[in-house]
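Novice: quick one: sequence and predicted model below, then my questions.
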Amino acid sequence: MNEKRYTLVTRKGECFQISFQRKEVASNRDGAFYLFHLKDVSERQRGERLVSVFRFGPEQFYGPNFKDRVEAVLLNTIRRAFDIGRLSFDGPYDPHTYTEILLKTEDFEPQKPATAEEIQELIEYEAYWLGFKHTANPGLLVMFDAPIELEYLGVTTADVKRYVWLLGERGLLEQVTGASARPTHKLIEMHESTSATENDIAKFARSAIEEAKLSVPESDGRIHPKVGVVVVKDGRVLAKAHRGEFPKEHAEFIALERKLPDVSIVGATVYATLEPCTTRTHPKVPCAERLAERGVARVFIGMLDPNPDIRGMGQFELRRADIETQLFPHSLMKEIEELNRDFIRSQADKHRSTNDPKLEMILSAKGKSVTVTNRQSNSYWGSDTVVVDCNPSFVTLKSAGSTESQSFPLSQVEISFDHKNNRLSISLDRY
């Protein structure tokens, strides 16, 4: 890869510059790191991020055209990490630490085609960012069917042309030439305007923060977030709530079901200092689902969940329900992070204890054949042994011809790469 700087746009509307720094061989993990520097170039100027993409095993493990395709695949792997919330310019981060992403063989395979809505959204975002907001030459045509874009969307040039034409008919693109066009004034104004003024947003967001400061600690010995929620409709505050106002209940539930059970909030805007949850113990309903059921139109989020395993999932579920999502102003987000510093630290400590590269590598081989050896007897299992599952405690394997699978303590397992058979190798301490 070269050190060229790219400007990339994601399906969620992120726009950032990315430059390749270097490749580092990780001999202790039988692979290599590809190191990148990212910089947010949106008007929010949320800073920089360091990202490493880890490739396990030799290059040929990922297919015969690795060298020709690796640059586009790495860049799109990072874009998809933003799409699922694995990467974000929002929330806490260490400016001296690389966020690691695992490169998988599936990343080199044809991607699931994007939906018509996703294709159109990306075209709109790219037209705005690359054709107007982040360019020294506004008005130049933007090409939407570059190979890296087709690989990212999993579609063909014909698909892109179809929706470029459609957006042109809607008055959002002009000078349409095949899969190229430039943004119209209508598209630019649509992306630059908002139904609420910045002052209104700051005022209601501030109110949610003040509400979060009232959060009541729980007596279960765990560190919980301080969360405040404000529900606004037609410029008027309908309800405010904070976590623990009613024992062991989330702020969104308190605002919607305790304070507004019989009030229509269809079309309302909700300001929540923490990203709404997507999982709750039955019969409780996740907050993101509850917001969708009540028909709110927009949700402002003050802080994404600090747990990287679920970060962005609440925002994703809201968007799937056709609810517009935006973030608090940057300065207020920093205030919320400072307010929740103990919770953020506890989540980071928890993630460090469970983020096991060995576990991730074994899970990446789930359902695939692996080489298995017994270290004590120096013997091999059958060549068709497959990984059934893996968790932080055990790895489960099933050998060819066997009707039952066997589980082994993950602590007694070592992994490497079987170069001869081009697959993962698992070494067991006993059995």
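Specialist: Received it, and whenever you're ready, just let me know what you need.
Novice: and the lowest-mean-pLDDT helix or strand in the chain, what does it pack against?
Specialist: Least confident helix or strand of the chain, by mean pLDDT, DSSP states H and E, is strand 379-380 with a mean of 72. Applying 3 or more CB pairs under 8 Å, 6 or more residues apart in numbering; DSSP states H and E, one finds that strand 379-380 contacts strand 371-374. All C-beta spots, glycine's among them, are computed from the backbone N, C-alpha and C.
Novice: only alpha carbons, please: show the strand it packs on as CSV.
Specialist: Output of strand 371-374 as CSV, limited to C-alpha atoms (Å, rounded to 0.1, in the frame of the first residue of the first chain):
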residue,chain,number,x,y,z
THR,A,371,-5.7,-28.5,12.2
VAL,A,372,-5.8,-29.9,15.7
THR,A,373,-2.8,-31.4,17.6
ASN,A,374,-2.3,-32.8,21.1
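Novice: how about it: buried residues?
Specialist: Buried residues in strand 371-374, counting neighbours by 16 or more other CB atoms under 10 Å, are found at 371, 372, 373.
Novice: what helices or strands is that strand leaning on?
Specialist: strand 379-380, strand 423-428.
Novice: and those as a markdown table, adding mean neighbour count and distance to residue 231?
Specialist: A markdown table is the format used below for those (neighbours: other CB atoms under 10 Å; distance: least, CB to CB, whole Å):
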| stretch | mean neighbour count | distance to residue 231 |
| --- | --- | --- |
| strand 379-380 | 10 | 63 |
| strand 423-428 | 19 | 50 |
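Novice: out of those strands, which gets nearest to residue 255?
Specialist: Closest of the helices and strands packed on strand 371-374 to residue 255 is strand 423-428, at 48.4 Å (criterion: CB to CB).
Novice: quick check: mean pLDDT across that closest one?
Specialist: Strand 423-428 carries an average pLDDT of 88.
Novice: show me what it is in contact with.
Specialist: 56-57, 61, 361-362, 364-365, 368-375, 387, 395, 397, 408, 412-418 (CB atoms under 8 Å, 6 or more residues apart in numbering).
Novice: and for stretch 5-13?
Specialist: Here stretch 5-13 has contacts from 15-19, 41, 75, 78-79, 82-83, 114, 118, 121-122, 125-126, 129-130, 134, 319, using CB under 8 Å, 6+ apart.
Novice: now do the end-to-end distance for it.
Specialist: 19 Å (CA to CA, to the nearest Å).
Novice: kindly reformat the helices and strands packed on strand 371-374 as TSV containing distance to residue 31.
Specialist: Formatted as TSV, the helices and strands packed on strand 371-374 follow (distance: least, CB to CB, whole Å):
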stretch	distance to residue 31
strand 379-380	23
strand 423-428	11
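Novice: those strands: which one's closest to residue 144?
Specialist: strand 423-428 (37.9 Å).
Novice: note down every partner strand of the closest one and its orientation.
Specialist: strand 371-374 (parallel), strand 413-418 (antiparallel) (DSSP bridges).
Novice: output that strand as CSV, nothing but the C-alphas.
Specialist: Taking C-alpha atoms only, strand 423-428 is exported to CSV below (Å, rounded to 0.1, in the frame of the first residue of the first chain):
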residue,chain,number,x,y,z
ARG,A,423,-5.8,-22.7,7.8
LEU,A,424,-5.9,-22.2,11.5
SER,A,425,-4.0,-24.6,13.8
ILE,A,426,-5.2,-25.4,17.3
SER,A,427,-2.9,-27.0,19.8
LEU,A,428,-4.4,-28.7,22.9
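Novice: ok, longest strand in this protein?
Specialist: For the chain, the strand with the greatest residue count under DSSP state E is strand 15-26.
Novice: buried set for that one?
Specialist: Residues of strand 15-26 classed as buried: 15, 16, 18, 20, 21 (neighbour count, 16+ other CB under 10 Å).
Novice: bridging residues for residue 19?
Specialist: In beta-bridge terms (that is, DSSP bridges), residue 19 pairs with residue 5, residue 37.
Novice: quick one: it and residue 4 touch, right?
Specialist: Yes: contact criterion CB atoms under 8 Å: residue 19 and residue 4 qualify, at 7.3 Å.
Novice: okay, domains of this protein per the record?
Specialist: 5-108, 116-192, 198-346, 357-428 (automatic domain parsing).
Novice: neighbours around residue 205, how many?
Specialist: 26 (other CB atoms under 10 Å).
Novice: which helix or strand contains it?
Specialist: Residue 205 belongs to helix 198-212 when elements are defined using DSSP states H and E.
Novice: which strands or helices does the following helix or strand past that helix pack on?
Specialist: Helices and strands here follow DSSP H and E; after helix 198-212, the next one along the chain is strand 228-233. For strand 228-233, the contact count by 3+ CB pairs under 8 Å, 6+ apart identifies helix 198-212, strand 236-242, helix 251-253, strand 269-272 as packing neighbours.
Novice: would you turn the ones you listed into JSON lines with distance to residue 429?
Specialist: Below are the helices and strands packed on strand 228-233 laid out as JSON lines (distance: least, CB to CB, whole Å):
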{"stretch": "helix 198-212", "distance to residue 429": "49"}
{"stretch": "strand 236-242", "distance to residue 429": "50"}
{"stretch": "helix 251-253", "distance to residue 429": "48"}
{"stretch": "strand 269-272", "distance to residue 429": "48"}
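Novice: for residue 180, give me its contacts.
Specialist: Residues near residue 180 by CB under 8 Å, 6+ apart: 141, 142, 143, 144, 145, 164.
Novice: let's go with 10 Å and repeat that
Specialist: 131, 140, 141, 142, 143, 144, 145, 160, 161, 164, 173 (CB atoms under 10 Å, 6 or more residues apart in numbering).
Novice: what about stretch 318-335, start to end distance?
Specialist: 24 Å.
Novice: and that stretch, what's buried?
Specialist: For stretch 318-335, by 16+ other CB under 10 Å, it's 318, 319, 323, 325, 327, 328, 329, 330, 332, 333, 335.
Novice: measure how far it is from the centre of its chain, please.
Specialist: Distance of stretch 318-335 from its chain centroid, counting by CA atoms, centre = their mean, to the nearest Å, is 14 Å.
Novice: equivalent analysis for stretch 48-62, please.
Specialist: Relative to its parent chain, stretch 48-62 has a centroid offset of 18 Å by CA atoms, centre = their mean.
Novice: I'd like the mean pLDDT over that stretch, please.
Specialist: The model assigns stretch 48-62 a mean pLDDT of 91.
Novice: nearest residue to the residue nearest to the spatial centre of the chain other than its sequence neighbours?
Specialist: Central residue of the chain (CA atoms, centre = their mean): residue 85, 1.6 Å from the mean position. Once flanking residues are discounted, residue 85 sits nearest to residue 312: 1.6 Å by CB to CB, 6 or more residues apart in numbering.
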